[in-house]
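In: Below is the sequence, then the predicted model.
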Amino acid sequence: IIEPTSGNTGIGLAAIAAARGYRAILALPDSMSTERRNLLKAYGAELVLTPGADGMKGAIRKVQSLLKEIPGAVSLGQFVNQSNPQYHEKTTGIEILRDCPEIDVLVSGVGTGGTLTGIARAIRKQKSSLEVIALEPDTSAVLSGEAAGKHGIQGIGAGFVPDTLDTEQIDKVMRVSTDQAAAETRSFVRSEGLLLGISSGAALSAGLSLLRDPHYFGKTIVTILPDSGDRYLSTGIFY
């Protein structure tokens with residue numbers, strides 16, 4: 001299995017590869033955290049680091065090259081594989097509907113876009129009035145029509161619009177800075193005792209800002225917090 005990853009999907013693939021006896025080669029930008037790299041190596045995966053300045057596009061190009069060189073290699077293609085949003089539609093979206101049927105607004109960061117797309121499709125089958133807000137880094141606001149750029153919110157902001165993102169599901173795009181995301185991450189662990197990752201901090205920052213907007217008073221907002229802080233301790237965001 002050869003796959004481009006910012007870390008989180010790769011960790012899941014590395015675990016499955018170890019259990020099934022597959023060779024796993026994972027390409028990721030060298031700007032990803034030490035913890036992510038170490039977790040991948042702990043599962044026995046081989047890491048191929050690409051320049052952080054090239055973002056996920058650089059990791060994808062490396063995978064495309066390796067697929068031509070290594071016989072029998074396959075890539076699951078998390079940025080193009082429609083099973084990604086389909087399974088969020090069948091699982092995550094249904095879970096949210098079961099636990100929070102009164103949902104009015106969904107806030108989700110966009111990495112592959114599979115989470116946002118699948119959840120939105122599932123909920124809108126029962127609640128067409130759902131408002132869907134996509135979150136992206138302010139310095140890589142490609143969903144807003146701007147150029148890709150460097151940012152520190154690992155897990156979102158791939159620098160392009162993935163095939164797994166259905167942009168028609170998006171009603172509004174919000175931008176969050178790396179500093180805002182880190183500050184919210186620190187604040188939450190110290191006030192709530194929950195150690196979240198930086199893309200969760202970004203989502204919280206956006207979600208909490210809506211609560212201060214009179215337009216959203218009385219509305220039920222569900223915000224997706226996709227990562228744990230134990231993968232970011234070396235980055236300095238908690239200190």
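Out: It's in.
In: Only C-alpha atoms from now on, for both contacts and neighbour counts.
Out: OK.
In: which residues in the protein form helices?
Out: In the chain, the helices defined using DSSP state H lie at 8-20, 34-42, 55-69, 83-87, 93-99, 114-124, 178-192, 198-211.
In: quick one: contacts of the shortest one?
Out: The contact list for helix 83-87 (C-alpha atoms under 8 Å, 6 or more residues apart in numbering) reads 78, 113-119, 164-165.
In: circling back: out of the helices of the chain, flag the one nearest residue 233.
Out: Each of the helices of the chain has some distance to residue 233 by C-alpha to C-alpha; the shortest is helix 34-42, at 7.6 Å.
In: contacting residues around the closest one?
Out: Against helix 34-42 from outside (C-alpha under 8 Å, 6+ apart): 7-8, 10-11, 14, 46-47, 230-234.
In: do the same with stretch 130-141
Out: In contact with stretch 130-141 (C-alpha under 8 Å, 6+ apart) are residues 103-110, 116, 120, 123-124, 143, 146-151, 153, 156-157, 159, 169-178, 202-203, 206.
In: Okay, buried residues for it please.
Out: Using 16 or more other C-alpha atoms under 10 Å as the test for burial, stretch 130-141 gives 130-141.
In: Farthest-apart pair in those residues, please.
Out: 130 and 139 (27.6 Å).
In: give me the number of residues near residue 213?
Out: Neighbour count for residue 213, taken as other C-alpha atoms under 10 Å: 9.
In: Tell me the pLDDT of it.
Out: We have a pLDDT of 96 for residue 213.
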